[in-house]
Structure formats: C-alpha cells, structure tokens
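1. structure of the sequence below:
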Amino acid sequence: MFLSGCTAEEEQLIDQGGVEVPVAEAFPSWSAMTHDSSEMNGTMFENTSYVAYFSAPWCAHCEATLDAYDQTLPEGKMMVFSYDDREDYSDMNAWHNQTESSLNRTVDRPFMLHPLLAQEVELSNIPYVLFVNAQGYVYHIQVGKITDIDAISNLWDSTLTATTDEDGRWL
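-> This is a model prediction of the structure:
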C-alpha cells in the first residue's frame with residue numbers, strides 16, 4: 001500500500017497493536033484562478049478523489065510526466081499547479097498553450113499559479129504529484145518523472161478506494 005507522509009522528515013504515527021501506522025494528512029484548503037480565468041477551490045472536490053500536479057512552465061523533463069497523467073486520469077480529476085511566480089513564468093495561459101503546442105493536442109486541465117499551496121504541501125522537487133482520496137487526505141505522493149501509464153492508473157485506482165477511520169488511520 002502507498003502511504004502519505006513517506007517523504008516528511010517527521011511522520012505522525014499511531015501505535016496500532018505494536019505496528020506504527022502513519023496518520024493521514026489532509027490536503028490543504030486552496031483557491032486559485034485557472035488559466036482561463038475561472039475560479040477553482042478545494043471545496044469543489046469534496047467527496048471525490050483527485051490529483052494535484054505541481055510543476056513549473058520551464059520544466060522540460062516534467063512535460064512527459066504531465067502527458068502521462070493527462071492521458072491516464074479522468075476528466076476533471078487533475079489540477080496543474082505552478083509554484084514559480086517569477087514574472088517570466090507566472091502566465092498560466094501561456095503555460096497551458098505551450099503544453100498543448102508541445103504535445104500537439106488539447107490538454108483540458110486547469111493550470112493555476114499557487115506557490116503558497118506548493119509550500120503548504122512541502123514541495124521538494126518537480127514534478128510533485130499528490131493523490132488525494134475522497135475524504136480529502138493525501139494518499140500518495142509521487143516525486144519525479146514517471147511515464148508508466150499502468151503505474152499511474154494503479155495509483156489512481158488505489159486512491160479511489162483508500163479510506164481512513166475516524167482517528168485518521170488508513171484502513
């Protein structure tokens with residue numbers, strides 16, 4: 001099973017019959033403007049699983065990963081966030097158009113600038129992808145390049161069924 005918090009320096013653990021189990025961490029509340037000037041926020045995804053993909057417009061090696069996620073995940077289940085708010089990289093519409101041009105196809109995902117959210121999820125490297133279950137907890141964190149569509153699909157399927165008990169322990 002994939003568990004959240006595996007990249008954190010200090011995990012919160014619960015002793016469960018002699019076995020220490022990581023406590024699930026909630027994905028932070030967020031709100032952002034998309035590349036097409038629509039407002040999105042975390043409450044729009046209550047009771048549904050989704051993926052938060054973090055990267056930056058200048059990341060050339062991230063594009064293959066973004067492509068793999070885009071081909072694998074259902075429509076409306078992935079948000080693309082940039083952490084880089086420098087002036088040259090803060091135009092999300094330009095990033096979206098550049099991605100579509102590079103991939104030579106339509107990418108129907110919201111692109112949003114949100115460096116504060118990247119800090120809150122403790123972004124350590126890019127691409128940085130968080131799989132969030134329907135309860136709003138980070139089920140898995142994937143760091144770095146991945147283009148294996150089967151692996152992404154398996155992570156997504158696991159996220160759809162991942163649940164916690166009332167104490168925040170993964171079941």
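
2. which residues touch the most centrally placed residue in the chain?
-> Nearest to the mean C-alpha position of the chain, by Cα atoms, centre = their mean, lies residue 52 at 2.1 Å. Contacts of residue 52 were listed using Cβ atoms under 8 Å, 6 or more residues apart in numbering, and they are 27, 78-79, 81, 117, 121, 129-130, 132. Yep, even glycine has a C-beta here, placed from its N, CA and C like the rest.

3. now these in TSV, with distance to residue 35 and neighbour count?
-> Below are these laid out as TSV (distance: Cβ to Cβ, whole Å; neighbours: other Cβ atoms under 10 Å):
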residue	distance to residue 35	neighbour count
27	21	22
78	14	21
79	11	25
81	11	24
117	16	22
121	20	20
129	19	22
130	20	23
132	21	24
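
4. residue 161: neighbouring residues, count only.
-> Counted with other Cβ atoms under 10 Å, the neighbours of residue 161 add up to 11.

5. I'd say residue 100 and residue 106 touch.
-> Yes: counting by Cβ atoms under 8 Å, residue 100 touches residue 106, with 6.0 Å between them.

6. more crowded one of these two?
-> A count of neighbours by other Cβ under 10 Å puts residue 100 above the other of residue 100 and residue 106, at 13 against 8.

7. got the contact list for the more buried one?
-> 106-107.

8. isn't residue 62 up against residue 128?
-> No: taking Cβ under 8 Å as the definition, residue 62 is not a contact partner of residue 128, at 9.5 Å.

9. shared neighbours of these two, anything?
-> What both residue 62 and residue 128 touch, as defined by Cβ under 8 Å, 6+ apart, is the set residue 55.

10. before we move on, the earlier item: and the residue nearest to the centre of the chain, that one's in a strand?
-> Yes: counting by DSSP: H, G, I helix; E, B strand; the rest coil, residue 52 is found in a strand.

11. what ranges does this protein have for its helices?
-> With DSSP state H as the criterion, the chain has helices at 62-72, 92-103, 115-120, 149-161.

12. residues in contact with the nearest residue to residue 51 once chain neighbours are set aside?
-> Nearest residue to residue 51, sequence neighbours excluded (Cβ to Cβ, 6 or more residues apart in numbering): residue 78, at 4.4 Å. Residues in contact with residue 78 (Cβ under 8 Å, 6+ apart) are 50-53, 69-70, 109.

13. and of these, the nearest to residue 94?
-> residue 109 (15.1 Å; Cβ to Cβ).

14. show the pLDDT at the closest one.
-> Turning to residue 109, the model gives it a pLDDT of 98.
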